[in-house]
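Novice: Fold the stuff below for me.
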Amino acid sequence: MNESTFEQYELPLDLFESDHQKNLVSESTYMEEPPEVTVLYYKEEALSCKLPPTLELVVDKAFAGISKQSASTREKDSFMQGGMLVKVPEHVEQGDRIVVDTRNGSFVRKV
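Specialist: Alright, predicted model coming up:
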């Protein structure tokens, strides 16, 4: 939706840079606030779409991690609101807000 005119547009997913961005956009209808998308136009034709480099998401379901001591960071699978699967550190729990890199879908930090 154009925030100044309130016009709504449908954009093809192939205009987004990566598969992770395509997944985020297709799942955005289930998010509290859909992400802001920057669209590059030429003569009223959309040429490309871009998400911000990171998005803040809510963990909907966090699986139990393996509780063994390790020198490296241990990760577990977690589903975000909207269904996106993200590998997160073991300390992240259901309901936590995290920052995800939109270019590759990876965990950045806990909010």
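Novice: Just name whatever secondary elements the helix or strand of the chain with the lowest mean pLDDT is in contact with.
Specialist: Lowest on mean pLDDT, DSSP states H and E among the helices and strands of the chain sits helix 19-27, with a mean of 75. When contacts are defined as 3 or more Cβ pairs under 8 Å, 6 or more residues apart in numbering; DSSP states H and E, helix 19-27 packs onto strand 45-50. C-beta: built from backbone N, CA, C; applies to glycine.
Novice: Report the distance from the strand it packs on to the chain centre.
Specialist: Taking the mean of its C-alpha atoms, strand 45-50 sits 19 Å from the chain's own mean (Cα atoms, centre = their mean, to the nearest Å).
Novice: So what touches the following helix or strand past that strand?
Specialist: Note on strand 45-50: by DSSP states H and E, the next helix or strand toward the C-terminus is strand 54-62. Strand 54-62 is contacted by residues 24, 31-32, 35, 76, 78-84, 86, 88, 92-102, 108, 111 when judged by Cβ atoms under 8 Å, 6 or more residues apart in numbering.
Novice: let's see it at 7 Å
Specialist: 24, 32, 35, 76, 78-81, 92-102, 108, 111 (Cβ atoms under 7 Å, 6 or more residues apart in numbering).
Novice: confidence score at E32?
Specialist: If you check E32, the pLDDT there is 66.
Novice: if we can go back for a sec, what's the angle from the least confident helix or strand of the chain to strand 45-50?
Specialist: Put simply, helix 19-27 runs at 100 degrees to strand 45-50, going by axes from the mean of the first three to the mean of the last three Cα atoms, to 10 degrees.
Novice: Use 534 as the first number from now on
Specialist: Right, with 534 as the first residue, what we last looked at is helix 552-560.
Novice: Partner strands of the very next helix or strand once past helix 552-560, with direction?
Specialist: With elements assigned by DSSP H and E, the helix or strand that comes after helix 552-560 is strand 571-575. Strand 571-575 has the following strand partners under DSSP bridges: strand 578-583 (antiparallel).
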